[in-house]
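Peer 1: Dropping a prediction and its sequence here:
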Amino acid sequence: MDGIVNESVRLLRASIPTSIEIKLDVPPNISTIKANATQIQQIIINLCTNASHAMAQGGVLSVSLSDVELTAPLIRGYTKIKVGSYVQLAVKDTGHGIDPSILENIFDPYFTTKETGKGTGMGLAIVHGIVQNHGGGLSVESAPGEGTLIKVFIPSVKEVPAVKEESYKKMPAGNEQILFVDDEESIVDVTKKAFSKLGYTVKAFTKPTEALDEFTKNFDDYDVVITDMTMPQMSGDVLAKQILKIRPGIPIIICTGYSDTINIQNLKRVGVNSFLNKPIEINVLANAVREALNKKQINRSYDEI
């Protein structure tokens, strides 16, 4: 979820006035959630957009992620939320605040304090619906002149579900070497184990700069590169372009939850092979890898004729 938050805030920065300072507190090792990535991005964008509207004269927008344990006393007042482990998304603004008389209505469809033509209020209702569909909850703290803090709780999962042994028999295998890059350790661990079982040799990194350094030193060792799109220090498209400068033609697969945030045509022109939308099942990724490698082998055969 940290990647989704970082990418969403990066996109929002272009539309939020520069008079609003954005403070981001997103630790790299936040627990995994089982969620629809596009809908989680919707939550972030809606909450941050509403927060920015409350700070017409400027202010501070704070966005943070944290792991929390909700106990029985803490869940009082929530509907359909259970005791357990959650990832908490907190969006805080220093705006005009919300009057107590309307606080309980802000997530109702079509309720709005905006002028005609400035919005319907559906944004927060959508947020509420998405959160409930994911088994989560919301809390709002606000007072006139003191800003607003909205907390979203999405259930976390302790482990990424393992792939059943019999499932590997249905996936295409190989013996090539893969360079895999993703800033989420849980995804790195699961993917590395899965491709190792399929016969591949996998070298994985959570930092794209380290992956680029490795590829620069040993570019002939690798047959295919798989990279996440949204990462700290360097995005997947930038990493792909750097790798292709070093070794043109190497198959590259970019994994992203937001295919509309990258220029696919430009990346195809520089040599990126495939684009997969997160979350990605291992069998889908395994098929994409095999297809990219087979296409590379066919092209090599034609070159030799």
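Peer 2: Noted; the coordinates are in hand. Numbering: from 1, shown residues only.
Peer 1: so Gly84 touches Val157, yeah?
Peer 2: No - the criterion here is C-beta atoms under 8 Å, and Gly84 misses it with Val157 at 10.5 Å. C-beta coordinates here come from the backbone N, C-alpha and C atoms, glycine included.
Peer 1: Is it correct that Arg247 is in contact with Asn218?
Peer 2: No - assessed by C-beta under 8 Å, Arg247 is found out of contact with Asn218, at 10.6 Å.
Peer 1: need the contact list for Val152.
Peer 2: 43, 47, 88-91, 127, 131, 136-138 (C-beta atoms under 8 Å, 6 or more residues apart in numbering).
Peer 1: Helices of the stretch 51-200 of the chain, residue ranges please.
Peer 2: Here the stretch 51-200 of the chain has its helices, by DSSP state H, counting those that start in this stretch, at 122-133, 165-168, 185-197.
Peer 1: Serialize these to a markdown table and add fields for mean neighbour count.
Peer 2: Below are the helices of the stretch 51-200 of the chain laid out as a markdown table (neighbours: other C-beta atoms under 10 Å):
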| stretch | mean neighbour count |
| --- | --- |
| helix 122-133 | 18 |
| helix 165-168 | 12 |
| helix 185-197 | 17 |
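Peer 1: Tell me, how many residues neighbour the residue nearest to Val224 when sequence neighbours are not counted?
Peer 2: Distances taken as C-beta to C-beta, 6 or more residues apart in numbering put Pro251 closest to Val224, at 4.5 Å, once the chain neighbours are dropped. Pro251: 24 surrounding residues under other C-beta atoms under 10 Å.
Peer 1: Give me the helices and strands touching the host helix or strand of Asn6, please.
Peer 2: With secondary structure defined by DSSP states H and E, Asn6 is part of helix 2-13. Applying 3 or more C-beta pairs under 8 Å, 6 or more residues apart in numbering; DSSP states H and E, one finds that helix 2-13 contacts strand 20-25, helix 37-53, strand 59-70.
Peer 1: For Gln41, grab the count of nearby residues.
Peer 2: Gln41: 18 neighbours (other C-beta under 10 Å).
Peer 1: Regarding the closest residue to Lys170 other than its chain neighbours, what is its secondary structure?
Peer 2: Excluding the flanking residues, the one nearest Lys170 by C-beta to C-beta, 6+ apart is Asn283, at 7.0 Å. Classification of Asn283 using DSSP: H, G, I helix; E, B strand; the rest coil returns helix.
Peer 1: Ok, Val225 next?
Peer 2: Going by three-state DSSP: Val225 is strand.
Peer 1: pLDDT score assigned to it?
Peer 2: For Val225, the pLDDT comes out at 96.
Peer 1: List the residues that contact it.
Peer 2: Val225 neighbours (C-beta under 8 Å, 6+ apart): 178-181, 215, 240, 243, 250-253.
Peer 1: Where does the record place the domain boundaries for this protein?
Peer 2: For the chain, automatic domain parsing gives the domain ranges 2-157, 165-304.
Peer 1: Got the confidence number for the closest residue to Ala51 other than its chain neighbours?
Peer 2: Using C-beta to C-beta, 6+ apart and skipping residues adjacent in sequence, the residue nearest Ala51 is Asp93, 3.8 Å away. For Asp93, the pLDDT comes out at 93.
Peer 1: next one: Asp189
Peer 2: On the pLDDT scale, Asp189 is placed at 79.
Peer 1: For Ala204, see how far away it is.
Peer 2: 8 Å (C-beta to C-beta, to the nearest Å).
Peer 1: And Ala37, by the same measure?
Peer 2: 21 Å.
Peer 1: Quick check on the nearest residue in space to Pro100 that is not next to it in sequence: phi, psi?
Peer 2: Excluding its sequence neighbours, the residue lying closest to Pro100 (C-beta to C-beta, 6+ apart) is Ala143, at 7.4 Å. Dihedral pair for Ala143: phi -160, psi 150, per degrees, to the nearest 10.
Peer 1: Does Ala143 touch Gly95 like I think?
Peer 2: No - counting by C-beta under 8 Å, Ala143 does not reach Gly95; the two are 11.3 Å apart.
Peer 1: which one of the two has more residues nearby?
Peer 2: Gly95 (24 against 12).
Peer 1: which ones are touching that one?
Peer 2: Residues counted as contacts of Gly95 (C-beta under 8 Å, 6+ apart) are 51, 53-56, 59, 147-148.
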